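Chemist: need the 3D shape of this:
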Amino acid sequence: QVQLVESGGGLVQPGGSLRLSCAVSGITLDYYVRGWFRQAPGKEREGVGFIATSDGSTYYSDSAKGRFTISRDNADNTVYLQMNSLKPEDTAVYYCATNSRLRYVSFDPHEYNIWGQGTQVTVSS
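Modeler: The predicted structure is shown next:
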């Protein structure tokens, strides 16, 4: 059984940075796409950044472009989300996700069937 475990969340001041990690445990397969979503209180879960493991192509939401970077460590199959220039509106629970059968990058959370437990990111002064 594949499990995703996030870490790296916390409290940071506006303009600061955080790096989130998503480690895989259990049976490890080369899933095509790995991604990060976030969900703020009272809002729908939204896609933030995605990486296609086949060629390392990356995709970002408009709010994340230029500030967030998704990357993958092939040695241990960990995916990272480097978040810079953080804003109060980035405050949310951040989740990593994947799908064993998905063969394209999707920003729709309903197309992902394996989720981590989430890590809280709070941007506040």
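
Chemist: dead centre of this protein: give me the residue that sits there.
Modeler: Trp36 (2.0 Å; C-alpha atoms, centre = their mean).

Chemist: now stretch 3-23, how far from the chain's geometric center?
Modeler: Computed by C-alpha atoms, centre = their mean, to the nearest Å, the chain-centroid distance of stretch 3-23 equals 9 Å.

Chemist: what is the neighbour count of the residue nearest to Lys43 when sequence neighbours are not counted?
Modeler: Closest residue to Lys43 apart from its sequence neighbours, by C-beta to C-beta, 6 or more residues apart in numbering: Ala92 at 7.8 Å. The C-beta positions use only the backbone N, C-alpha and C, and glycine is treated the same way. Burial measure for Ala92: 22 neighbouring residues, criterion other C-beta atoms under 10 Å.

Chemist: when you give positions from now on, start the count at 17
Modeler: Yep, numbering from 17; the last one is Ala108 now.

Chemist: residue contacts, Ala108?
Modeler: Arg54, Gln55, Ala56, Lys59, Val137 (C-beta atoms under 8 Å, 6 or more residues apart in numbering).

Chemist: how far away from the center of its chain is stretch 89-101?
Modeler: For stretch 89-101, the distance to the chain centre is 9 Å (C-alpha atoms, centre = their mean).
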